[in-house]
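In: Pasting a predicted model and its sequence here:
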Amino acid sequence: MSDKIRIISTSDVHGKVFPHEYSYEKAYALEFEYGFAKLAMLVKSLRNDKSISDSILIDNGDTLEGSPLQSFYYRNLGNCVSDAKAGGAYRYQASPVSYAMSLMGYDYINIGNHDFDFGRPELAKHIEACGAKCINLNIGYDYDIKEIAGYKFAFFGVLTHLTTRWESAEKLGDATFPDAFTLAKETVKKIQEKENPDFIVCCYHGGLEKNPETGMDLGRDDGENQGYKMLSEIDGLDVIVMGHQHTLSAGVYNGKAYCQPGVDGTHISVIDIDPETREMEVKLISLRDEEMLMDGDICMDLARVEDACQQWLDKPIGTSKIDLRIYNEDKERLEKSQFITFINKVQMDRLNGDISSTSLFKGATGFKKHITLRNIVGSYAFPNTLVKKRISGKVLREYIEKTLEFWDVEDGYIIISQDYLEPIPQHFNYDIFDGIEYAAEISRPKGSRLTKLKRNGVTINDDDEFGIVINNYRAAGGGNYPMLAELEILSEDLTNMVDVIAEYIEEHGEIDFEPVYNVSIKV
């Protein structure tokens, strides 16, 4: 056995326990290479590696939200997980993700912005139930000192301060969000002065604003991601475990190891440190390459919750006279799918809005004639809520011009702009509107692409005012829409959008409306 110390990390697993795509009917479901059930087996292999002396397992946040299994739990079971040790009965404890993590033996957890989605009480239950030590400074925890193989390690966690853009004050509670770079730098200095450790590890739920290998910008530098700045400017820092961006990156820069293992638990990050020479080897390991099986304990202990979730997803809730299936995502974004018309119709009905906008999320399936909850969760991927804001004609025009930047022109054809495909796909940042009629030419310069903006056939003037219904992420300026953040809130609905859509369908029984063709986007 060598003296190498291994730091294993996951990030942005987004509620994925079992490797199932829940939009597929259970009978036809395929098994994918992601999720805690498979990660657990890979972690066991990595921790049992005889070439290392000791290991630490860290999760870097955004674990609670993102899967129908987690949504089912929070809507229906309250704190209930299946526990084979209790004779297969339900035990009131915490979510399936929390339970799976407790079986995997995490040492530390950091917190991501989406971990606030179900509120602070549920986050507190997760922290308690997963059995790991929380090191996130934003919610009041402190750094931790751990002796590993005779060396002194310090661990602390910070979260991107732009979280306040996306989450309500009610969900954030007493969490504080100073500049993440400044907080990390001050913490490293404090640890050095008080503890004099051999190694300092920062778990940062944020990503890279520049590519360490080239120095090239990775999208807009608005402070959301400050990993490159931390690598470049924080003396005394040895390791940064990153996330949030959903990208794959790993390496050593400026004497510091860094890693980011993508999204959904498809990969795991491994940093092997030789404490004597301070040499560090960083790598990303893919579940696909390892061909891992699922962990038997996780499968057995959570089987009843998984089965109950599958039954819940197949619950019939209504029908549709209109074909609302998604056949070609990009074409239906460009030409405006009637599925979008329906979602906007639901949003305007819920908060009595004049105008509504929403995105066609990547992978959305739409609805067939007979609609189940499975169809809804397969088409609306995020636990958004709704906000109605007062918007002027001037700001509405700015909003639409911004969202039209999603498109570009190449060889006479409209394509998706590379800015919305790299470093991560951002289909959720292209919005489509109802309650207005508008036309655009994408070959025109950005900011002046709109050629028509009307409501009920009348041109919209700058000083006209409307009530627009949007999701809470967009209402907070998320997706680089700062013009929306300061608008006056007229009303809010804190019901999860999956429930909002389901309630609308159940109330009406059958979806039937005249198709709306109010958008024209040309070269």
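Out: Structure received. Numbering: from 1, shown residues only.
In: Please count neighbours and contacts with C-alpha atoms only from this point.
Out: Noted.
In: show me the contacts for the closest residue to Leu386 other than its chain neighbours.
Out: Excluding its sequence neighbours, the residue lying closest to Leu386 (C-alpha to C-alpha, 6 or more residues apart in numbering) is Asn471, at 4.6 Å. Counting by C-alpha atoms under 8 Å, 6 or more residues apart in numbering, Asn471 touches 358, 384-387.
In: Inside strands: which ones of the residues you listed?
Out: The strands, defined by DSSP state E, take in 358, 386-387 from the contacts of Asn471.
In: TSV please, covering those and showing neighbour count and pLDDT.
Out: Formatted as TSV, those follow (neighbours: other C-alpha atoms under 10 Å; pLDDT from 0 to 100):
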residue	neighbour count	pLDDT
Thr358	21	98
Leu386	24	95
Val387	25	95
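In: Just name the closest of those to Ile376, please.
Out: Using C-alpha to C-alpha, Thr358 comes nearest to Ile376 of these, at 14.7 Å.
In: what about the nearest residue to the closest one once chain neighbours are set aside, distance to Gly223?
Out: Of all residues not flanking Thr358 in the chain, Asp431 sits nearest, at 5.1 Å (C-alpha to C-alpha, 6+ apart). Per C-alpha to C-alpha, to the nearest Å, Asp431 is found 23 Å from Gly223.
In: Check Lys189 too.
Out: Separation of Lys189 from Gly223 (C-alpha to C-alpha): 21 Å.
In: which stretches of the stretch 401-523 of the chain aren't confidently modelled?
Out: Judged by pLDDT under 70, the stretch 401-523 of the chain has no weakly predicted residues.
In: so what does the helix or strand hosting Cys203 touch, helix or strand wise?
Out: Remark: Cys203 resides in strand 199-205, with elements defined by DSSP states H and E. On a contact count with 3 or more C-alpha pairs under 8 Å, 6 or more residues apart in numbering; DSSP states H and E, strand 199-205 meets strand 151-159, strand 239-242.
In: winner for burial among the ones you listed?
Out: For these, average neighbour numbers computed from mean count of other C-alpha atoms under 10 Å are highest in strand 239-242, which has a mean of 29.
In: Show me what secondary structure element comes after that one.
Out: strand 248-253.
In: Nearest to Glu514, out of the helices and strands packed on strand 199-205?
Out: Closest approach to Glu514 among those (C-alpha to C-alpha): strand 151-159, 45.7 Å.
In: That closest one relative to strand 199-205, how many degrees between them?
Out: Relative orientation of strand 151-159 and strand 199-205, computed by axes from the mean of the first three to the mean of the last three C-alpha atoms, to 10 degrees: 20 degrees.
In: next one: strand 151-159 to chain centre, how far?
Out: Here strand 151-159 shows a centroid-to-chain-centroid distance of 24 Å under the convention C-alpha atoms, centre = their mean, to the nearest Å.
In: and if you look at stretch 232-242?
Out: Mean-position distance between stretch 232-242 and its chain equals 24 Å (C-alpha atoms, centre = their mean).
In: Just the terminal-to-terminal distance for it.
Out: End-to-end distance of stretch 232-242 (C-alpha to C-alpha): 15 Å.
In: before we move on, back to that, same drill for Asp431 and Gly223, tell me which one is more crowded.
Out: Asp431 (22 against 15; other C-alpha atoms under 10 Å).
In: Now for the more buried one: which residues touch it?
Out: 357-360, 400, 403.
In: quick one: secondary structure of Ser9?
Out: Secondary structure, DSSP: H, G, I helix; E, B strand; the rest coil: Ser9 is strand.
In: do Tyr73 as well
Out: State at Tyr73, reduced to three classes by three-state DSSP: helix.
In: surely it meets Ser95?
Out: Yes: using C-alpha atoms under 8 Å, Tyr73 is in contact with Ser95, at 6.5 Å.
In: These two: which is more packed in?
Out: Ser95 (29 against 20).
In: Now tabulate the contacts of Asn471 in CSV and tack on distance to Val409.
Out: Compiled in CSV, the contacts of Asn471 are given as follows (distance: C-alpha to C-alpha, whole Å):
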residue, distance to Val409
Thr358, 23
Asn384, 31
Thr385, 34
Leu386, 33
Val387, 33
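In: Go through these and name the one nearest Leu137.
Out: Each of those was scored against Leu137 by C-alpha to C-alpha, and Asn384 proved nearest at 25.8 Å.
In: Retrieve the pLDDT associated with that closest one.
Out: Asn384 carries a pLDDT value of 87.
In: show me what contacts it?
Out: Under the criterion of C-alpha under 8 Å, 6+ apart, the neighbours of Asn384 are 471-473, 496-497.
In: Check Ile414 too.
Out: 407-408, 442, 522-523.
In: Show me how to select, in ChimeraX, the buried members of these.
Out: Here is the ChimeraX command that selects the buried residues among the contacts of Ile414 (16 or more other C-alpha atoms under 10 Å):
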select :407,408,442
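In: can you pull out the helices in the stretch 51-200 of the chain?
Out: All helices of the stretch 51-200 of the chain, identified by DSSP state H, counting those that start in this stretch, fall at 68-72, 96-104, 120-129, 163-166, 169-172, 180-195.
In: mean pLDDT for those helices: which is lowest?
Out: Note on the helices of the stretch 51-200 of the chain: lowest mean pLDDT is at helix 163-166, with a mean of 86.
In: And the contacts of it?
Out: 113, 172, 177, 472-474, 476-478, 485.
In: CA atoms only: put that helix into CSV for me.
Out: Extracted in CSV, the C-alpha atoms of helix 163-166 (Å, rounded to 0.1, in the frame of the first residue of the first chain):
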residue,chain,number,x,y,z
THR,A,163,-28.1,31.7,-5.5
THR,A,164,-30.2,34.7,-4.3
ARG,A,165,-31.2,35.3,-7.9
TRP,A,166,-32.9,31.9,-8.2
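In: Distance from it to the middle of the chain?
Out: 13 Å.
In: returning to what we had before: now, which of the contacts of helix 163-166 sits nearest Lys229?
Out: Closest to Lys229 out of the contacts of helix 163-166 is Phe177 (17.7 Å), distances taken as C-alpha to C-alpha.
In: Roughly how far does that closest one sit from Ile234?
Out: Per C-alpha to C-alpha, Phe177 is found 19 Å from Ile234.
In: same deal with Pro178?
Out: 16 Å.
In: Can you pick out the residue with more neighbours from these two?
Out: Ile234 (18 against 15).
In: picking that back up, need the helices and strands packed on strand 199-205 in TSV with mean pLDDT, can you?
Out: TSV is the format used below for the helices and strands packed on strand 199-205 (pLDDT from 0 to 100):
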stretch	mean pLDDT
strand 151-159	98
strand 239-242	98
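In: Of those, give the one that comes closest to Thr182.
Out: Here strand 151-159 is closest among those (C-alpha to C-alpha), at 10.3 Å.
In: can you map out the helices along the stretch 351-500 of the chain?
Out: Using DSSP H, counting those that start in this stretch, helices in the stretch 351-500 of the chain cover 373-377, 393-403, 472-475, 482-485, 497-508.
In: What segments of the stretch 401-523 of the chain are strands?
Out: Per DSSP state E, counting those that start in this stretch, the stretch 401-523 of the chain carries strands over the ranges 407-410, 413-416, 431-434, 437-441, 450-455, 458-459, 465-471, 489-493, 510-511, 519-522.
In: Quick one: closest of the ones you listed to Phe118.
Out: strand 489-493 (14.4 Å).
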